[in-house]
Structure formats: structure tokens, C-alpha cells
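Peer 1: dropping a prediction and its sequence here:
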Amino acid sequence: MRDQHLVSRRTLLQGMAAGTAVATTGLGTSRPAFAKDLVVGFIYVGPKDDYGYNQAHAEGATIIKKIPGVTVLEEEKVPETLDVQKTMESMIELDGASLIFPTSFGYFDPHMLKVAAKYPDVQFRHCGGLWTEGKHPKNTGSYFGYIGRAQYLSGIVAAHTSKTKKLGFIAAKPIPQVLINVNSFALGAKSVDPTITTQVIFTGDWSLPVKEAEATNSLADQGVDVITCHVDGPKVIMETAERRGIFCTGYHADQSKLAPKGYLTGAEWNWSKVYEAFVTEAQAGKPLPNFVRGGLSDGFVKTSAYGPAVSEEARKQADSVKAEMIKSPDYAVFKGPLKSNIGKEVIPAGKSYPETAIELESTDYLVEGIIGAIG
Amino acid sequence: MTIAMSSEAASKATAQPKQPAGDWGYPFRRLLEQLLVPVAALLIAATGFAIFLVFLGTSPLDFASLVWRGAFGSWFSFQNTLQRAAPLLLTALCVALPAQLGLVVIGGEGAVVLGGLAAAVIGASLSALFPPLVILAMAVSGALVGAFWIGLTGWLRAYRGINETIASLLLAYIALAVFNHLVEGPLRDPASLNKPSTLPIGEANMLGSLPGMNIHPGLVLGLVACIGFWIVIQRTSFGFAWRVTGGNLRTALLQGLPANRLIVIACALGGACAGLAGMIEVAAVHGSANASLAAGYGYAGILIAFLARQSPLGAIPMAILLGGISAAGGLVQRRLGLPDATVLVLQGFIFVSILASETIYGRFRWFQPRGTA
């Protein structure tokens, strides 16, 4: 009986709409809105000004907006549920999108795959390296960056700056991608001083600001004086570290504004390069590559400008290692013999894994020198 | 003495003033009141929100036309709306059913995730069987686990005197922690590296779409459950016993109603609905249980139930209204460049306005029974 009022609300809205939107509204599902342009859709799992994962992508989208003949659609805070499927369909049906970037890892399976099968004319490129030739539709694909080397550089700078020789790492979940970052950071620090320790705290989820702040405080209380992280939005971690008067290195995007005194450097994505490449090829009518990946040397990843607290010595070492990394694609952060922090040999002597090594994708250990446990 | 008091309280519990003989128009006026008050509340909310938009520098007319277009304006949009409403129907019942007994249960999210997890585990372990059988087993296990979880809240209320609001909320946190531990630990599919999930239930066991539509069968289940429970509450002695217990616990006890048991049953039934919502998410959307299950459907259900004044039937239009707002939210973001929080502000206006309108019922004499004073 209550749905009566819904009808009247609907009628009311229709009436209100009629005056202004006769030309554009209609009832159709046609795609008239941006017919001339290439319409590109970006979907973010969190707010696009989160100083983190989503902002890194949104900054890439901002560059795309400047390309003539491109219309950019953006939708933030879209959960990894049916909602994201509906968002993709709505971008296609109502706004005529022909290239969609669902940027969150969890959007891939089943959401993007399902929508892609339904719209074979629309191109989908997902951030995360999950696409497999032959297994997934041809109109889908992946782009993916290796950021471990940049974390290694952060570790070098952190180790030079730390006085207590205790570093802290606040991480979301103990999954391979995160563990590679934690290990890289710790190895970078140990390359400067083998006795240095990195205390890791897993918060359990990608965006838990209260827990992240608590973790920062508890690390600071334990004498940790440089903190970094792998969570979706590093904002509160950087702000809390600054308030506690300790140092921090950033992740995902540039957070130097949040900690003007204590921000040392950071591992950042440079998605604009990837997006630009896709969009210009789509505009030229060329087929889009299904799988692109790259790291520091390919420009997919960059490091933040050094903060005021970084010593000359630290800059020198980090810069020289960075130059070496950029020069040599086989530069390996992970070299045997390497032991995990529970004493198990994880990489035998004589073996070394560059960032592209498939073995790293199933990382399930923390290297020696890290205080903390998985699970 | 006691009998007089109890019958008086019982009539109060059902909230239906006696209809004086000869006032044949009263049932219609009562219906009209129940329609006009929420419509007026929605209009006031829309006006308030329009003023807010003007301050933001956005035209309320543009906004309204986009909401219409994104939520109801085409078959595509309306399906989008219905699809988003589907899980909310079931989670709203998790609040509305215990509310008949005067309980405020807000922990439906816990039953959603645990129900979904149970369904995923059962589905994956039976995946080789005949698909309808697998679906049935998943539904039963999801509902049972959900019923157990919220039933626990009811038991704590009835037999241990623990506040059900707090208990259910805290149990929801526990449920999420248990869920995360199991999905990332013992129940994790080793192949799910960067998105920890349970083993897949298999493509054959997934629920498809309703014929001719792009909507999963959870919508039908939600509608049937809402209408069914409305009939139970309004038209059966079992439901009457709930309402008496909710209206006046002492009366219920004096009448010999098993109030404690009714509390546990109502909570368990609500939990079963939320558990089913979790099962549907697994069987129709995700194909396994993972962190995406905790998408806040349990909490959105609280909003729906309160907007619907705890009526299972009223939950249907309210779920569609909120489903429509969230369906339109994307279009509003894309076309007007407004942040996602804008639709939350609209929801806030609607919520406050409808709750405030509660006090208006019975204030206007015109709607009241006439004849005898």
C-alpha cells in the first residue's frame, strides 16, 4: 500500500524533469550524450581524494581529461559487488562509454568479466595483472605495475634517517602483493644497516583509518621512528606520524603535503602514462594491448621528491641505486641466500628474482629482520 | 482487575482505535493518512535537499532529472534500481521482525556474512551434485546460520537480559572477525592469491537471472518474504502474539504467551532472512565468499526498516526508493561532478524527515474516528 507514494514521487520528478530535460532525458537507452568523443570510464573503490590508491588513479584520469576528443566519466566509492557491474553497464548504456578502467583489484572476477561478456564492443582494462590469454574475453585486459623497487628505495632512505634503527610498516592484508612491498622495504633498509628491524602490523582490511592511526601510535610508542604503509588511503598514517614527530615514507600517491616535516620520500604510481597510452591508441583506432606491465624503468612507478629531512648521504645512495634499477631490467631486490623471519630458507644461494619473477607472485613469508607474523 | 488491564493494553498494542458504528469512511481516511504523511515528508526532504543543492551551485532540476533518468526513467534504470533493492528487502526484515516485539536489532551484517560463508562452504563441498539441490542446501545452511546468529542475540535478551541493540552490534563485529579469519585462513582457496576467497561453488550452481530480466532471483525471494511476513504479522494469531508482546510484555505474560520464546523465534527468523541475503550474494553474484560480502547490506537494512516504520510491506517501496537513489548516484557523480557523498546527504534528509513525521500520525482530527467522542 505504501508504494502509492512512490508513484506520486515518480510523477513529481518526471514533471520537474520535463521542463529542463526534455531534450536529453527521454526514455531511451540510446547513447546520445557524448557521441562524438571517445568516452572513457574510471571506477574507484574509495574516494578519489584519499591521498592513496584511488587518488593515484584519479590523477591519471585528470591527465586523460586534457586530451582533446576524450570525455572522462568518474565514479567513486563503488563497492566490489553487483554495484560495480551496474556502474559499468550504466556508463555504457547511459553515457556511451567504450573504454572502461575498473581500478580496484576485486572488480575483475566476476564483475568485469560478466559485463565484458555482455558488451563485446566495449573495451575493459583492469588494474591488477589477472588477465590470462585464452581464459578471459578478448575485450578485457590488465595493466599492472611493479612497485617493490620503489619501496626498496624508500627503505634505503628510511634506514639512513632512522636513529632508533626501528622502522614500522602498516599493512592491510598478508597477501603476496603486500608482502612483496614489506619485504622490499625491509631489504632496502637492511642494505644500509643489516641490524635494522622493521615491525609490521596488519590491520586486516584496506581502509580502516582508526586502526591505522592506532597502529601508528603504537609503533611510535615502541620507538619506531620511520613509518610506511600499504593501505588504500595512507592519509591518517602520515598525519599521525607527523603529529608524533616521527618520519614517514609514502605509498600510492604523494603525501608530502600531509607531513611537510617528516615526509622522506614515497613509492608512487604513475598511472597517467598507462592511461595515456591506452587512450591515444583507442583514439587512433588501433587494437589495445591486453596486458601491459612495468615498473620503475618503464615509468609506471615513480618516487616522491625527497623531503627536507633526507640527508645528502641518503639521497646519494638512493639515487645511485635508482639509476642502476632503471638501467638494468634484471636488477633483483630478492637475492639468495635469503631467509624468512622464522628461519626458513626462501631463496636458495645463487638464485635471484627480478621484480617480474613469477615466484614472487606467491610470496607467503616475511624476510629476516621483520618483526611480525602472517595470520 | 488484571483482565481489564490486559485487554486494554492489548487493544493499545494493536494500535487500532475502535471504529465507531456508522463511521464507514474511517478506514479510508486512515489509509489516506498513512499515504499522505510519508509523501509530505518526502516533499519536505526534497525541498530541504533542493536548498542544499542551490548552495552547492547545482540546479535541483538537473539533479531531479538525473535521479529520474538513472533510477526509474528506462527499463535498464529500473532494473538497476530493483537489483539494488533486492538484498535490502531481506536485511530490512532482520530489523523489522524483531521490531514487532519492541526489539531494536542492528546486527544484521553479521548474519549476512556468516550466512553467506556457510552457503559458500556448503555449495563448494556439494558442488558436484544436482544444481537445484545444491542451491537448496546453500539456502538452508545460510538461513540456519543467520538464524542462529541473530537468535543468539534474542536469547541473550530473553534469558540473560542483555540489551539486544548492543549485543547484536557487537556480535556483528565478532561475525566479521570470524569471517575474515576463516576466509583468509582455514577456508581460503589456495588459488585466490591477492583476493582471499573460499573455494568457488562452481558455475553450474550459480543462480541465473530472472527470465527476460537482468535481475537475480533474490528480488523475488525478498518480495515473497516481505509479503509473507506481513501476512503472518497482520493476519495470524502467531503474529498477534508478537504484537501483544511488543505492545506490553506484562500483558503478554499474563495472557500466558511464551514471550521469551517468541523473542528468540522472531530474532531467529529475522536472522534467517539476513543469512539468506548473504547466500543470495554468494549464489547469484560472487560465486564464493570473500570480503566483498561485507558490503553494508545489513546496515542499510536498518535504514529501510525504520523508514518503513518496521512494516515488512512498507519495506518494499522504501527499498526501491533507496535502491533508486543509489542507482542514480553514479549518474549524478558522472554528469554533475558531485561527490558520492551527495546521495548520502539526500538519504539523510529523507531519513530525518520521515522519522520526524512519525509524530504527526493522529494529530489531525480529520483522519480520526468520528461519532462517539
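Peer 2: Cool, the structure landed.

Peer 1: check the burial of residue 296 by counting its neighbours.
Peer 2: Using chain A here. Neighbouring residues of A:Leu296 were enumerated by other CB atoms under 10 Å in any protein chain shown; the total is 25. No exception for glycine: its C-beta is placed from N, CA and C like everyone else's.

Peer 1: I was thinking of chain B, sorry if that wasn't clear
Peer 2: When neighbours are counted by other CB under 10 Å, B:Gly296 registers 12.

Peer 1: show the contacting residues for it.
Peer 2: Contact analysis of B:Gly296 by CB atoms under 8 Å, 6 or more residues apart in numbering or on different chains lists A:Pro79, B:Glu109.

Peer 1: care to break chain A down by domain?
Peer 2: Annotated domains of chain A cover A:34-145, A:148-268+A:300-371 [automatic domain parsing].

Peer 1: how far off centre is the shortest one?
Peer 2: Okay, so that is domain A:34-145. Here domain A:34-145 is found 14 Å from its chain centre; the criterion is CA atoms, centre = their mean, to the nearest Å.

Peer 1: in chain B, what residue lies closest to chain A?
Peer 2: Minimum separation of chain B from chain A (CB to the nearest CB) falls at B:Ser65, amounting to 3.6 Å.

Peer 1: per-residue pLDDT, that residue?
Peer 2: Per-residue confidence for B:Ser65 comes out at a pLDDT of 93.

Peer 1: save the domains of chain A as a markdown table, and put in mean neighbour count and distance to chain B too.
Peer 2: Listed next are the domains of chain A as a markdown table, based on neighbours: other CB atoms under 10 Å in any protein chain shown; distance: least, CB to the nearest CB, whole Å:
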| stretch | mean neighbour count | distance to chain B |
| --- | --- | --- |
| domain A:34-145 | 21 | 4 |
| domain A:148-268+A:300-371 | 20 | 5 |
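
Peer 1: save those domains as a markdown table, and put in mean pLDDT too.
Peer 2: Formatted as a markdown table, the entries for the domains of chain A read as follows, by pLDDT from 0 to 100:
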| stretch | mean pLDDT |
| --- | --- |
| domain A:34-145 | 93 |
| domain A:148-268+A:300-371 | 95 |
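
Peer 1: figure out which of the ones you listed is closest to B:Lys195.
Peer 2: Using CB to CB as the criterion, the shortest distance between B:Lys195 and the domains of chain A is 5.5 Å, found for domain A:34-145.

Peer 1: quick revisit: look up how far B:Ser357 lies from the residue of chain B closest to chain A.
Peer 2: Summarising the geometry, the distance separating B:Ser65 from B:Ser357, computed by CB to CB, to the nearest Å, is 26 Å.

Peer 1: higher neighbour count, these two?
Peer 2: Between B:Ser65 and B:Ser357, B:Ser65 has the larger neighbour count (other CB under 10 Å), namely 24 against 19.

Peer 1: buried set for the helix or strand containing B:Phe76?
Peer 2: Using DSSP states H and E, B:Phe76 sits within helix B:75-99. Residues B:76-99 are the ones in helix B:75-99 that count as buried (16 or more other CB atoms under 10 Å in any protein chain shown).

Peer 1: and chain A, which of the residues you listed contact it?
Peer 2: For chain A, the contacts drawn from those by CB under 8 Å from any CB of the partner chain are B:Phe76, B:Ser77, B:Asn80, B:Gln83, B:Arg84.

Peer 1: tell me which parts of the stretch 51-200 of chain B are close to chain A?
Peer 2: When proximity is defined by CB under 8 Å from any CB, the stretch 51-200 of chain B lies next to chain A at B:59, B:61-62, B:64-65, B:67-70, B:72-77, B:80, B:83-84, B:180, B:184-185, B:193-196.

Peer 1: with that, I have no additional questions.
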